[in-house]
Structures are given as C-alpha cells and as structure tokens.
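[1] Only the shape, not the letters, is given here:
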C-alpha cells in the first residue's frame, strides 16, 4: 500500500520505471539480515542528510516489546509518532538501557498539532479502566530500567485524564518499584489541580514540551496549547515538588532564528527546568508542516554547549534526539553525575 501511494501518479511504462527506481533506492535483503538497513528519504521525496539516516528496527528485545504491546492492547508514541529511534531505544543497543514510551488514554487525541502524526477526534473512545493494570503488567514483563509514560490530550474529559494518568503511574510503581518513571504530560489547559495529580503520583521525572519558539507556537501547535501556558505548567510542578526533575523539549528546523532558540532556553531555565532535549523536526507525512531546515550536527552541538552554560543539569541535543529518546540513559547519567559531584 505504501508503494502504491508513493507511485499512484505514475502509469504504464512510467509506473514500472518509477517502481524499479523506488525499490532500487531502498535497502536490500542483505541490509536487513545484517541490521544495517536505513531509512533514507524524507516525506518531501528529497534524500535525507546522512546524519538523519537510521537503522531499521531489528533485534530480540524489539520484537519482545512489540509482541507484548499487541497482546495487552497497548499503544506507544514510538509507533504512533513514527519515531526514527524506535529500534535503538527498544533494543537498548551497545550495552545501553532498554527504554520505551507508552502512550496511555487511547491512541486518539482531541488536539491537532501540525507536527504530530497521532490521530485526532473531538470525541475519542472512553478511557479503558483496565489500562493502568495492563500497562503495569507489560512493564513488569519487559525488564526495562526506565519508562516514559505519555498520553494524548483528552480535553473531552472533566479533568483532562489527570486522575487516569496518576493511576497508571501508581500501578506501575506498585508492580515495579525500582523502575524509573518519566511522565510526558499534557498541559491540562493550565489547571494546576490536575497538574498536581500527576506531579504527586510517585514519578521521578515530569516532562512537558514547549515544542518550539514562542513566535512559531501558534503555527505549530493546536490553538488550545500555548508557549506561556507550557512554561507555567513546568513552573507549577517545581512549586508543587522542588525535588522533582523537570524536562522539556524543542524541535528545530521549523524556521526559528538563533535568538529565538536562545530566548526559549533562557525561559525554560528561568522556570527551573532541569533537563532539555533538542532535536530535528521530521515531517511525519505530507499533510504535516514542511521542514524548513535540516540543522547540522555542529549546530546541535553548539546548542548543547549553550544550554549547559545556562545551568541545565542535562542537555541532549542532536538531529535524532527526541523528547523521550534514550530517556533512561540521559536521566541516569545525569543523576549519577550529580550524585558524584555532591559526594552522596
């Protein structure tokens, strides 16, 4: 079906020639067998820069996680958002920690951000009351070290789903008390009572993304989200629990200027955010916003150094970095580093 979609404007000889070129440009069997196959084209049809090519998901741990998800009817943002790092995170490659990002409260969002590929609806299906226990069961089987729990926005619910999200975290901690939990939280329309429910659920890291610079926020995000509201969410979490690690993420390549990125990082620092991830925006489909620029690895390194100089405990900056990309490694390395520095 994917090939037909890409080639539907061809016919006759042109179709055959185009199809051959399409297949020729893709990875061969030997690449899949060796685990070196790469995804190497954008949704604009143009070749991706070399630094954005990623390996096709492969490996025992990857398929174990995928099988359990299907069995327990769970969703992951890794799959729904078409993340290019799914194989690396799920597999815990090169001796690293295996991490995963579970998406709860269904797979349908009430908002329609222009960068996101998750399906949308004004009236999603009702919440599954068994989801907290099923999620906890799945994670206890996987033997993960770190998990990120995220969710769709549920503006159709009186509390935005904050009670449900809280129960998910509590169920996970009850079943796997040593598992580190990060929650990539909605903004709950800025309702601090609902934000506190999640912040006090027993998690280690509260994440909420500003996504982009203030000028572009209305163009990139749903009208119910706002740059200033996101900053207030992160600030409120620190007021609620000063010891909780807070984290946010920025996408580059949407047309932002350097001065705007600097201002965004300063704003996050001023509300007490501990960790920041900075990555390249990748267009999920042709229906989404176009990429304005593929930012070079050197520039990402510059932003890592700039963020570190501002005092963030950790900055992960790179073309393939995502808000929950290798989250376990990022948090644990930062945590151990901080512990050693303080002599604890």
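    Perfect, I can see it now. The structure presented is a predicted model; accordingly, all values stated were derived computationally and were not measured. Numbering: from 1, shown residues only.
[2] which residues of the stretch 51-200 of the chain fall in helices?
    Ranges of helices in the stretch 51-200 of the chain, per DSSP state H, counting those that start in this stretch, are 60-71, 77-80, 86-91, 131-142, 162-175, 192-199.
[3] State the distance from the closest residue to residue 224 other than its chain neighbours to residue 220.
    For residue 224, ignoring the flanking residues on the chain, the nearest one in space by CB to CB, 6 or more residues apart in numbering is residue 111 at 6.0 Å. All C-beta spots, glycine's among them, are computed from the backbone N, C-alpha and C. Counting by CB to CB, to the nearest Å, the gap from residue 111 to residue 220 is 12 Å.
[4] Repeat that for residue 201.
    29 Å.
[5] Next, please give the residue ranges for the strands of this structure.
    Remark: strands assigned in the chain by DSSP state E are 38-39, 54-55, 75-76, 99-104, 108-109, 119-120, 146-151, 180-184, 205-207, 245-252, 275-280, 314-317.
[6] Out of those, which is closest to residue 127?
    Closest of the strands of the chain to residue 127 is strand 99-104, at 8.7 Å (criterion: CB to CB).
[7] Verify the stated contact: the residue nearest to residue 224 with residue 155.
    Yes: counting by CB atoms under 8 Å, residue 155 is a contact partner of residue 111 at 6.9 Å.
[8] Show me the common contact partners of these two, please.
    Contact with both residue 111 and residue 155 is made by residues residue 224, according to CB atoms under 8 Å, 6 or more residues apart in numbering.
[9] Tell me how far the spatially closest residue to residue 265 that is not a sequence neighbour lies from residue 222.
    Nearest non-adjacent residue to residue 265, counting by CB to CB, 6+ apart: residue 307, 5.4 Å away. The gap separating residue 307 from residue 222 is 26 Å, by CB to CB.
[10] So for those two, which sits in the more crowded spot?
    Using other CB atoms under 10 Å as the criterion, residue 307 and residue 222 rank with residue 307 on top: 25 against 17.
[11] any idea how far that one lies from residue 274?
    With distances taken as CB to CB, residue 307 is found 11 Å from residue 274.
[12] and if you look at residue 312?
    For residue 312, the distance to residue 274 - CB to CB - is 7 Å.
[13] And residue 284, by the same measure?
    Taking CB to CB as the measure, residue 284 falls 29 Å from residue 274.
[14] Compare the two (neighbour count), which wins?
    Counted by other CB under 10 Å, residue 284 and residue 274 do not tie: residue 274 has more neighbours, with 22 against 17.
[15] thinking again about what came up before, what about the residue nearest to residue 224, distance to residue 245?
    26 Å.
[16] Just want the phi and psi numbers for residue 186.
    phi -70, psi 180 (degrees, to the nearest 10).
[17] How about the contacts made by the residue lying closest to it once chain neighbours are set aside?
    Computed as CB to CB, 6+ apart, the closest residue to residue 186 that is not its neighbour in sequence is residue 153, at 4.8 Å. Residues near residue 153 by CB under 8 Å, 6+ apart: 109, 110, 111, 160, 186, 187, 222, 224.
[18] Before I go, just wanted to say thanks for your time.
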